[in-house]
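Enquirer: Here is my input; please provide its structure:
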Amino acid sequence: MLGCGGVGLAGVQGGRIAGAARVIAVDPVASKREAALALGATDAIDPAAADPVAAVRAATGGRGADYAFEMVGSAAAILQARAMTRRGGTTVLVGAAPRAETVTFPAWDLHVEGRILGCGNGSAHVRRDVPRFLGLAEAGRLDLGAMVSRRIALADLATAFDALRTGEAIRTVVVP
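Expert: Numbering: from 1, shown residues only. Below you'll find the predicted structure:
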């Protein structure tokens, strides 16, 4: 899981719920790595302290991840996620990169077994998925509250955007 904001932490929980043997969380913010571990990640990597691709490869015995989820929305993160994915594995692009941003990688990567998938809005089917998510939350298997790092009044919206820019907040909810 490359990126542990609100979407990334939902992905961490999804991996745990799906029965993944290992869920490796990568994020430069310590509080987000801690949240990922609390929500089911088995490993947490600080990309500022170690090369995240090498760390994921080492954590998987050199093999790479079966699935690598890019939750950041940047060309650099997309390339890292692809490099973390094992041969024959799947790289899922969830983060919304700017439309004009391009990703360049060797053409050979398209010949190597494996898949690169795009994912818009979680590839959700609302009528099917929302009742399932609610059931998981009601059963205590999906912790929605843990993904909210702060609640603010509408008057404090500017500080919420500042926290978003610095990466310190996971999810901020505006309450009346």
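
Enquirer: can you pull the buried residues of the longest strand anywhere in the chain?
Expert: As assigned by DSSP state E, the longest strand anywhere in the chain is strand 85-93. For strand 85-93, the neighbour count (16 or more other C-beta atoms under 10 Å) marks 85-86, 89, 91-93 as buried. No exception for glycine: its C-beta is placed from N, CA and C like everyone else's.

Enquirer: what's the next secondary structure element after that strand?
Expert: Per DSSP states H and E, the first helix or strand lying C-terminal to strand 85-93 is helix 108-111.

Enquirer: Next, the residue nearest to residue 74 when sequence neighbours are not counted: phi, psi?
Expert: Excluding the flanking residues, the one nearest residue 74 by C-beta to C-beta, 6 or more residues apart in numbering is residue 97, at 5.8 Å. Phi and psi for residue 97, reported as degrees, to the nearest 10, are phi -70, psi 150.

Enquirer: circling back: next, format the buried residues of strand 85-93 as TSV and append pLDDT and distance to residue 130.
Expert: Putting those into TSV (pLDDT from 0 to 100; distance: C-beta to C-beta, whole Å) gives the following:
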residue	pLDDT	distance to residue 130
85	96	29
86	95	32
89	95	29
91	95	26
92	96	20
93	95	23
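
Enquirer: With distance to residue 54 as added columns, please give the residues you listed in CSV.
Expert: Shown next, in CSV, are the buried residues of strand 85-93 (distance: C-beta to C-beta, whole Å):
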residue, distance to residue 54
85, 14
86, 14
89, 17
91, 17
92, 21
93, 21
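
Enquirer: Max pairwise distance over those residues: which two?
Expert: Greatest spatial distance in these: 86 and 93, 16.9 Å, computed using C-beta to C-beta.

Enquirer: okay, the least confident helix or strand in the chain by mean pLDDT in CSV with CA atoms only?
Expert: Of all helical and strand segments in the chain, the minimum by mean pLDDT, DSSP states H and E falls on helix 108-111, at a mean of 79. What follows is helix 108-111, C-alpha atoms only, in CSV (Å, rounded to 0.1, in the frame of the first residue of the first chain):
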residue,chain,number,x,y,z
TRP,A,108,10.0,-4.4,-21.7
ASP,A,109,7.8,-4.0,-18.6
LEU,A,110,4.8,-4.5,-20.9
HIS,A,111,6.2,-7.8,-22.0
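
Enquirer: Renumber starting at 23 from here on
Expert: All set: I'll call the first residue 23, so the last point we hit is now helix 130-133.

Enquirer: hang on, residue 50 is in a helix, isn't it?
Expert: No: Residue 50: not assigned to a helix; according to DSSP: H, G, I helix; E, B strand; the rest coil it is coil.

Enquirer: quick one, what contacts the residue nearest to residue 96?
Expert: 95-97, 100, 125 (C-beta atoms under 8 Å, 6 or more residues apart in numbering).
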